[in-house]
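Student: Sequence and predicted structure, then a few things I'm wondering about:
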Amino acid sequence: MRDHTKLRAFELADQLALCVYKATKAFPKEEVFGLAAQLRRAAVSVASNIVEGCARHSQSDYLRFLDIAYGSARELEYQVSLASRLGYLDRREQMPVSALAAETSKVLNGLLRALRKQ
């Protein structure tokens with residue numbers, strides 16, 4: 001079993017989830033069950049799938065869950081952009097979330113590529 005706490009990808013994903021929860025606190029009431037909830041689900045999905053993949057015994061399962069985490073990170077990047085364009089996130093709030101989502105995606109992609117070369 002792998003230790004997810006030793007992965008840079010997990011550290012970033014965990015920070016990303018916290019950052020998204022803080023950024024979506026002030027979303028309009030009509031978005032509580034809409035875009036705000038979707039952003040939060042995607043952010044939690046990134047970290048959760050890394051953890052679940054690390055708990056799997058086969059390399060193929062590990063890669064599959066890292067792939068899902070990567071997809072959720074990319075999904076989140078789009079959702080943050082959409083929230084910003086809709087005026088739910090101002091530039092000051094949007095920039096750190098976008099940067100962290102992009103960094104998480106890059107690190108996950110690098111991890112996936114390295115593992116697939118093995």
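Tutor: Ah, there it is. Worth saying up front: this structure is predicted, and the values here are computed from it rather than measured.
Student: Give the full set of residues in contact with the residue nearest to residue 46 when sequence neighbours are not counted.
Tutor: Here the nearest residue to residue 46 in space, its sequence neighbours aside, is residue 13; by Cβ to Cβ, 6 or more residues apart in numbering that works out to 4.2 Å. All C-beta atoms are positioned from the backbone trio N, CA, C, and that covers glycine. In this structure, residue 13 makes contact with 43, 46-47, 50, 69, 73, 104, 108, judged by Cβ atoms under 8 Å, 6 or more residues apart in numbering.
Student: Roughly how far does residue 13 sit from residue 47?
Tutor: As judged by Cβ to Cβ, to the nearest Å, residue 13 and residue 47 stand 4 Å apart.
Student: Now the common contact residues for these two.
Tutor: Shared contacts of residue 13 and residue 47, counting by Cβ under 8 Å, 6+ apart, come down to residue 69.
Student: returning to that earlier point: with the contacts of residue 13 in mind, which one is nearest to residue 5?
Tutor: Distance to residue 5 across the contacts of residue 13 (Cβ to Cβ) is lowest for residue 50, with 10.1 Å.
Student: ok, now how distant is the residue of the chain positioned farthest from its centre from residue 102?
Tutor: With Cα atoms, centre = their mean as the measure, the chain has its most outlying C-alpha, relative to the mean C-alpha position, at residue 118: 24.9 Å. Between residue 118 and residue 102 the distance, using Cβ to Cβ, works out to 26 Å.
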